[in-house]
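Chemist: A structural model of the following input is requested.
(one chain, ligands or ions: 1)
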Amino acid sequence: MTDHEMLIVGGGNAGISLVAKLLRDGQQDVGLVESESVHRYRPLLNYVGAGQASMASLERPTDKVVPDGCTWIQERVVAVDPDGPSVLTAEGRFGCSTLVLCPGLEEHWDATPGLADAYAAGWAGSTFVVETAPLVWPALRALSTGRVLFTVPPEPAPCGATALKPLFMACDHWRRTGVLQDLDVRLVLPRQTPLGVPQADDELERTLASYGVQVMREAEVTALADRRVTVATSSGEQAIDDVAFAHVVPHYRAPRWIAESGLAGATAAGLVDVDPLTLRHRRHPAIWALGDVADLATRPSGGALRKQVVVLAHNLTTDDEKFFQHYDGYTVMPITVARHRLMLVEVDRDGHQVPSVPFPDLVRPRRATWAVDRYALPITYFRRILRGKV
Ligand SMILES: Cc1cc2nc3c(=O)[nH]c(=O)nc-3n(C[C@H](O)[C@H](O)[C@H](O)COP(=O)(O)OP(=O)(O)OC[C@H]3O[C@@H](n4cnc5c(N)ncnc54)[C@H](O)[C@@H]3O)c2cc1C
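Modeler: Residues are numbered from 1 along each chain as shown. Sure thing, here's the model as predicted:
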């Protein structure tokens, strides 16, 4: 068995940022288990789905983003022994004194029968699934008549509210090209309002009405077959036929080995059972989690990681619990309401707005905020966030 002082599972936004911060803070002997050879800045996927970014612009070889000074173990974890703690991969077992889990969420294809087949057939797809993201814009741009359906996924999902981005950017395109009135655009929302944040919802409801989008509320897609999408609402199931394109985002869950290793809590999605304030596992003190896979009682996002990484890096190197820092549940929802205008919604665990700057009001859609999201943040991500500098 190979041992490390600290072992981090998952080299996505959470894992790479944390490793970089720990190394900057002087930590030695950090191992990172990450199976994939390509790292992605996933927020740009929504801009790929609007023809504003290429896949190449959001991808980097993993070896270019793994911080110098840590040991990259290119393996897939299949089980955890919480008492070691240690992780098991196809190549063997890796032990450690401290284990941090951040393997993200995975698509729960079985939750939506027919979705994988509809993706394969090409009449459904989404920006959230890497393989279909490049197909979304050609499919949407080609529409000039017919029915098109979008969804926002239920929680937990990786910044699920941003599934509104491809909808609004496509509507803006269709309005500019004069075909919007010939399209029947539908949106399936998991809750009563788009975000559950009153000020932002008012703006988004006005936007939906201005584009003529028909909204199904407290609803979810339950099946897809032969260009028919079945939607369950509080008043029963409804079949929507002749769908030209369905931008249906899959449901998500934690990787199964989390629950199989006895690390999940009570959530149906099997998220890691951590104290949402300290990020430490409730039953196994040597195990911690952050990012999308952790049950932090807030909506997962990359923006949330900026706070989580700082709190966790501090707590991992602090012996006395009295001095632990607490994560307040801060998270973000950046939504484009048009091709070049974006609102940024920042909330805490209770859904109260917690703007990072007092002025201007970032919930008001602006071109400058879109430019930051589309152009400045990707640069900040690769140059600073992944290097543990934010
Ligand atoms: C389409 C889309 C748009 C988004 N837009 C935004 C946005 O605008 N703003 C925002 O703040 N957030 C956004 N997000 C959310 C953001 O990308 C995630 O919250 C963030 O990536 C979570 O980071 P993570 O490290 O927890 O998980 P991930 O990024 O999923 O990384 C997990 C890593 O773990 C690895 N892994 C998984 N299983 C194993 C295993 N068994 N063994 C070893 N390695 C494993 C994976 O290969 C992966 O590299 C978006 C996400 C998507 C999909």
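
Chemist: what packs against the helix or strand where Leu167 lies?
Modeler: Using DSSP states H and E, Leu167 sits in helix 164-176. In terms of contacts (3 or more Cβ pairs under 8 Å, 6 or more residues apart in numbering; DSSP states H and E), helix 164-176 is packed against helix 45-48, helix 133-141, strand 146-151, strand 183-188, helix 198-211, strand 331-338. Placement of C-beta: from N, CA and C, glycine included.

Chemist: Of these, which is nearest Cys102?
Modeler: When the helices and strands packed on helix 164-176 are compared by Cβ to Cβ, strand 331-338 sits nearest Cys102, at 15.7 Å.

Chemist: does the helix or strand following the closest one come close to the ligand?
Modeler: Sequence-wise, the next helix or strand downstream of strand 331-338 (DSSP H and E) is strand 341-347. No: using Cβ under 6 Å from any ligand atom, strand 341-347 stays clear of the ligand, with a minimum separation of 9.3 Å.

Chemist: How far does strand 341-347 sit from its chain's centre?
Modeler: 16 Å (Cα atoms, centre = their mean, to the nearest Å).

Chemist: Then stretch 248-256?
Modeler: That offset, for stretch 248-256, works out to 10 Å (Cα atoms, centre = their mean).

Chemist: Pull it out as CSV, backbone CA atoms only.
Modeler: Provided in CSV are the C-alpha atoms of stretch 248-256 (Å, rounded to 0.1, in the frame of the first residue of the first chain):
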residue,chain,number,x,y,z
VAL,A,248,-33.1,17.8,-21.2
VAL,A,249,-30.5,17.9,-18.5
PRO,A,250,-30.0,14.5,-16.7
HIS,A,251,-30.7,14.1,-13.0
TYR,A,252,-27.5,13.7,-10.9
ARG,A,253,-26.3,11.6,-8.0
ALA,A,254,-23.1,10.9,-6.1
PRO,A,255,-20.9,8.1,-7.4
ARG,A,256,-22.3,4.8,-6.0
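
Chemist: Now the residue of the stretch 151-300 of the chain at minimum distance from the ligand: closest residue in space, sequence neighbours ignored.
Modeler: Scanning the stretch 151-300 of the chain for proximity to the ligand using Cβ to the nearest ligand atom identifies Gly291 as nearest, at 2.2 Å. For Gly291, ignoring the flanking residues on the chain, the nearest one in space by Cβ to Cβ, 6 or more residues apart in numbering is Ala14 at 3.2 Å.

Chemist: residues in contact with that neighbour?
Modeler: 102, 104, 290-292, 305, 308-309 (Cβ atoms under 8 Å, 6 or more residues apart in numbering).

Chemist: if we can go back for a sec, now the helices and strands packed on helix 164-176 in a markdown table, with mean neighbour count, distance to Ala259 and mean pLDDT?
Modeler: Formatted as a markdown table, the helices and strands packed on helix 164-176 follow (neighbours: other Cβ atoms under 10 Å; distance: least, Cβ to Cβ, whole Å; pLDDT from 0 to 100):
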| stretch | mean neighbour count | distance to Ala259 | mean pLDDT |
| --- | --- | --- | --- |
| helix 45-48 | 25 | 27 | 98 |
| helix 133-141 | 19 | 28 | 98 |
| strand 146-151 | 22 | 26 | 98 |
| strand 183-188 | 21 | 28 | 98 |
| helix 198-211 | 16 | 34 | 98 |
| strand 331-338 | 24 | 24 | 98 |
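
Chemist: possible to save these as JSON lines with distance to Leu344?
Modeler: As requested, the helices and strands packed on helix 164-176 are exported to JSON lines (distance: least, Cβ to Cβ, whole Å):
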{"stretch": "helix 45-48", "distance to Leu344": "14"}
{"stretch": "helix 133-141", "distance to Leu344": "22"}
{"stretch": "strand 146-151", "distance to Leu344": "21"}
{"stretch": "strand 183-188", "distance to Leu344": "21"}
{"stretch": "helix 198-211", "distance to Leu344": "9"}
{"stretch": "strand 331-338", "distance to Leu344": "5"}
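
Chemist: Which element, helix or strand, includes the residue nearest to Gly291?
Modeler: Counting by DSSP H and E, Ala14 is part of helix 13-24.

Chemist: That helix and the ligand in contact?
Modeler: Yes: interface with the ligand: helix 13-24 contributes 13-15 (Cβ under 6 Å from any ligand atom).

Chemist: That helix: which residues count as buried?
Modeler: 13-23 (16 or more other Cβ atoms under 10 Å).

Chemist: same deal with stretch 153-168?
Modeler: Within stretch 153-168, the residues scored as buried using 16+ other Cβ under 10 Å are 153-168.

Chemist: Which pair of those residues spans the longest distance?
Modeler: Spatially, the most separated pair among these is Pro156 and Phe168, at 22.8 Å (Cβ to Cβ).

Chemist: now the strands for the stretch 1-150 of the chain?
Modeler: 2-9, 30-33, 38-40, 59-61, 71-73, 77-81, 86-89, 92-101, 106-107, 146-151 (DSSP state E, counting those that start in this stretch).

Chemist: confidence score at the spatially closest residue to Ala269 that is not a sequence neighbour?
Modeler: Leaving aside its sequence neighbours, Ala269 sits nearest to Arg253 (Cβ to Cβ, 6+ apart; 4.3 Å). The model reports Arg253 with a pLDDT of 98.

Chemist: would you turn the contacts of Ala14 into a markdown table with neighbour count?
Modeler: Below are the contacts of Ala14 laid out as a markdown table (neighbours: other Cβ atoms under 10 Å):
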| residue | neighbour count |
| --- | --- |
| Cys102 | 29 |
| Gly104 | 19 |
| Leu290 | 29 |
| Gly291 | 30 |
| Asp292 | 29 |
| Leu305 | 26 |
| Gln308 | 25 |
| Val309 | 28 |
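
Chemist: Same list, these, but as a markdown table with pLDDT and secondary structure please.
Modeler: Converted to a markdown table, these look like this (pLDDT from 0 to 100; DSSP: H, G, I helix; E, B strand; the rest coil):
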| residue | pLDDT | secondary structure |
| --- | --- | --- |
| Cys102 | 98 | coil |
| Gly104 | 98 | coil |
| Leu290 | 98 | coil |
| Gly291 | 98 | helix |
| Asp292 | 98 | helix |
| Leu305 | 98 | helix |
| Gln308 | 98 | helix |
| Val309 | 98 | helix |
